[in-house]
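>>> Structure of the sequence below:
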Amino acid sequence: IYIGTTSGIDKTEDYGKTWTQTELYFGRINTIAIDKNNTDIIYAGAGNHWTTSGTTGIFKSSDGGGTWTKIYSEQIDGVYNIIIDHSNSSLIYASIGSYITENDNKGGFLKSTNNGDNWIRSNVSNSRSNESYGLVQSSGSNGELYCISQASGNHRDLWRSLNKGDSWESIHVYYFAGPVKAVAVDPQNTNTLYAYGSDFNDPGFYKSTNRGNDWTNVNSDVPLTYEDGILINPDNGRITVSTAQGIHQSISEGRFWNLCQVNTYITDIAIHPNNDDTLFAAIAGDD
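Residues are numbered from 1 along each chain as shown. Sure thing, here's the model as predicted:
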């Protein structure tokens, strides 16, 4: 297991009992992606608005985290999500933040067609895109990409790409409750999406059954959160959400929720690749 921290990446080979620091021992790590065809190949995205350019970018290891090479170093504010295409591991996608200059119109999205050797940088939204995050890919044959794009004024919309990120279309719905915080695709039915909208007055959990064209609010009584992640169990469809108030789960497509035993600030969650019932959670701070 690899875990990103505010000081690089740590690694465990005994299911989290003991940890060692990898050679990537600097920078705030936001995202990690492992090549399923060669698990020694790992990509990591680093940085945020307060980090220096030397600790911001995309890093790659080809020896299981033993050594790392910086493969994207253009000036950006941070790399928030990295995805390896599920049908072609030479295709790499990344969502980024770009608060560089008022004239910088190249924020939001990165794509590599050659294992990270070269990158194409573009916008997700049609206008200037300051920041993109929540990047996910459908496991269906077309491999649609979904992304949340944030522009000025904390305005956050959902976007969809049907051509591997070459172009994007808005699937924003005006009745989303506040900014869109997270999105996930159901691995059992890739036409089904879930998304979470949240502000201090009107949170909501939403479902789409036609790849984001239309949405239904399935539950407005959901935890108000600051860090959000949605996982869907590929075996039984169980939804798990990480929040600032702990881990919540639903077996009713988001209509009803149960608070799990872990009742603290959760920054990220993951499903074991070989056992869908095993979850891992990262806890903020020293709790």
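
>>> Can you name the residues that contact the nearest residue to Ser139 once chain neighbours are set aside?
Closest residue in space to Ser139, ignoring its immediate chain neighbours: Pro187 at 5.1 Å, by Cβ to Cβ, 6 or more residues apart in numbering. In short, each C-beta sits where N, CA and C put it, glycine included. Contacts for Pro187 were tallied using Cβ atoms under 8 Å, 6 or more residues apart in numbering; they are Ser139, Ile232, Pro234.

>>> mind checking how far Ala44 is from Ala281?
19 Å (Cβ to Cβ, to the nearest Å).

>>> same check, this time on Cys260
From Cys260 to Ala281 the distance is 9 Å (Cβ to Cβ).

>>> One more: Ile1?
Per Cβ to Cβ, Ile1 is found 12 Å from Ala281.

>>> Show me which of the two is the more surrounded one.
Taking neighbours as other Cβ atoms under 10 Å, Ile1 and Ala281 compare with Ala281 leading, 17 against 14.

>>> and the more buried one, what are its bridge partners?
Following DSSP bridges, Ala281 is listed with bridge partners Ile269.

>>> contacting residues for it?
Contact partners of Ala281, counting by Cβ under 8 Å, 6+ apart, are Ser242, Ile247, Val262, Ile266, Asp268, Ile269.

>>> and the second one, what helix or strand is that in?
Under DSSP states H and E, the secondary-structure element containing Ile247 is strand 246-250.

>>> just checking, what packs against the following helix or strand past that strand?
Proceeding N to C from strand 246-250, the next assigned helix or strand is strand 258-259, under DSSP H and E. Judged by 3 or more Cβ pairs under 8 Å, 6 or more residues apart in numbering; DSSP states H and E, strand 258-259 is in contact with strand 246-250.

>>> Low-confidence stretches in this structure?
Applying pLDDT under 70 to the chain flags residues 49-54, 99-107, 126-130, 151-155, 172-179, 198-203, 222-228, 285-287.

>>> Not counting residues beside it along the chain, what's closest to the residue nearest the centre of it?
Central residue of the chain (Cα atoms, centre = their mean): Gly134, 4.0 Å from the mean position. If the residues on either side of it in the chain are set aside, Gly134 comes closest to Ile148, at 3.9 Å by Cβ to Cβ, 6+ apart.
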